[in-house]
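> Quick one, structure for this:
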Amino acid sequence: QVQLVESGGGLVQPGGSLRLSCAASGRIFSINGMGWYRQAPGKQRELVATITSGDRTTYADSVKGRFTISRDNAKNTVYLQMNSLKPEDAAVYYCNADVLESEYTLWKDYWGQGTQVTVSS
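Got it, this is the predicted structure:
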């Protein structure tokens, strides 16, 4: 089994910054794509940013220029640097990873439990 554990959420004022981390642990042979999603109350979960094993990134239009996704493959960790935060960025942020547990298994999608980000003055 594989576990994804997010950290770094919290309360921040508008215009502030937060850095989220998500560490994958357990039976990991390889990790392909990793990403961050978020879900605000009453809304569907939406993609925030993704990063491939080759560091190719994609971003939601709403966060382009403000958020930066990165990863440390040696630590099986993905990060989300969030700058210039707005009230509409408030949500539970979830990390996601496409994991191969062994050379004999198929790729499997894993999700973290989520970390709350609150943007308020």
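
> what about residue 54, neighbour count?
For residue 54, the tally of surrounding residues (other CB atoms under 10 Å) stands at 7. Glycine gets a C-beta too; all of them are placed from N, C-alpha and C.

> sec struct for the most centrally placed residue in the chain, please.
Against the mean C-alpha coordinate of the chain, by CA atoms, centre = their mean, the closest residue is residue 36 at 2.8 Å. Three-state assignment for residue 36 (DSSP: H, G, I helix; E, B strand; the rest coil): strand.

> That one against residue 49, yeah?
Yes. Using CB atoms under 8 Å, residue 36 is in contact with residue 49, at 5.2 Å.

> For the residue nearest to the centre of the chain, give me the pLDDT.
pLDDT, residue 36: 98.

> One more: residue 104?
pLDDT, read off for residue 104, is 89.

> separation between it and residue 57?
From residue 104 across to residue 57, the span is 30 Å (CB to CB, to the nearest Å).

> swap in residue 14?
Counting by CB to CB, the gap from residue 14 to residue 57 is 25 Å.

> which residues touch the closest residue to residue 55 other than its chain neighbours?
Closest residue in space to residue 55, ignoring its immediate chain neighbours: residue 71 at 7.2 Å, by CB to CB, 6 or more residues apart in numbering. In this structure, residue 71 makes contact with 34, 51, 55, 77, 78, 79, judged by CB atoms under 8 Å, 6 or more residues apart in numbering.

> if we can go back for a sec, so for residue 104 and residue 57, which sits in the more crowded spot?
Neighbour totals were compared for residue 104 and residue 57, and residue 57 leads with 14 against 7 (other CB under 10 Å).
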